[in-house]
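Colleague: here is a sequence together with a model predicted from it:
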Amino acid sequence: MPKTLRAFIAVPIPDAVALFMMQIQARLQLPGMNIRWVAAKNIHLTLKFLGDIDPSRVPAVTAQMDAAAGVTAAFSLKVKGVGGFPDLRHARVLWVGLAGDLDRLKAVQAAIESGLESVGFTRQSRDFGAHLTIGRIRRRIDAQLIGKSVEPLKAVASNFFRVDRLMLFKSILKPDGPEYTLLHTSHLVV
């Protein structure tokens, strides 16, 4: 049986935006908030989680990434607002939202999804929801406490950042957090 690799396609987040998100994490670190925070270096915008794949499939993935990127012009996004999945009352994940050219973001994600489906990958069953995960809740938090901490951050926003590439990463899960290795970069039309 061939060895697999855990992989995903993402948009990288600039250091300045990652720093901004670390400041949001710091404002949410209150007593009683048992949250595993995502390290700044690991914050990214996932476009497609591929799961465990055979390494021989990587060229097909990169070809579809290149095709999607080759017909998409670079665009701008910004971080905007804080929320939780499935909702704040029952949050298991804390995230920051995105604003800006979401139509172009959704179009490139749909092109990747469609291209990968054409080479045998399963289409994601739920709609794409653009967000950046900043923390995972380890055990249930009082809904009032989380609501009180998130409320002042619902309108928080960063400066715009340019999206000009897509990246394929290999992920190795480790006790102290995942380790990502870049496998391929596809450049959007400038």
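Modeller: Received it, and whenever you're ready, just let me know what you need.
Colleague: list the buried residues for whichever helix in the chain runs longest?
Modeller: Ranked by residue count, the top helix of the chain under DSSP state H comes out as helix 102-118. Neighbour-count burial for helix 102-118, counted by 16 or more other Cβ atoms under 10 Å, picks out 104, 105, 108, 109, 111, 112, 113, 115, 116. Every C-beta, even on glycine, is put in place using the N, C-alpha and C of the backbone.
Colleague: read off the pLDDT value for the last one.
Modeller: Which is residue 116. With respect to pLDDT, residue 116 has a value of 98.
Colleague: now do the contacts for it.
Modeller: By Cβ atoms under 8 Å, 6 or more residues apart in numbering, the residues touching residue 116 are 48, 50, 61, 64.
Colleague: quick check: residue 146 touching residue 87?
Modeller: No: between residue 146 and residue 87 no contact is recorded; they are 10.3 Å apart, counting by Cβ atoms under 8 Å.
Colleague: what about these two, which has more around it?
Modeller: Each of residue 146 and residue 87 has its neighbours counted (other Cβ atoms under 10 Å); residue 146 has more, 23 against 10.
Colleague: what sits against that one?
Modeller: Counting by Cβ under 8 Å, 6+ apart, residue 146 has contacts 33, 84, 88, 91.
Colleague: what about the closest residue in space to the last one that isn't next to it in sequence, how many neighbours?
Modeller: Going back to what we said before, that points to residue 91. Distances taken as Cβ to Cβ, 6 or more residues apart in numbering place residue 84 nearest to residue 91, at 3.0 Å, with adjacent residues excluded. Using other Cβ under 10 Å, residue 84 has 20 other residues around it.
Colleague: what are the bridge partners for residue 84, then?
Modeller: residue 94 (DSSP bridges).
Colleague: buried residues in stretch 143-156?
Modeller: Under 16+ other Cβ under 10 Å, the buried positions of stretch 143-156 are 146, 149, 150, 156.
Colleague: next: stretch 19-35.
Modeller: Taking 16+ other Cβ under 10 Å as the criterion, stretch 19-35 shows 20, 21, 22, 24, 25, 28, 33, 35 as buried.
Colleague: pLDDT check: weakest of these?
Modeller: Scoring those by pLDDT puts residue 33 last, at 74.
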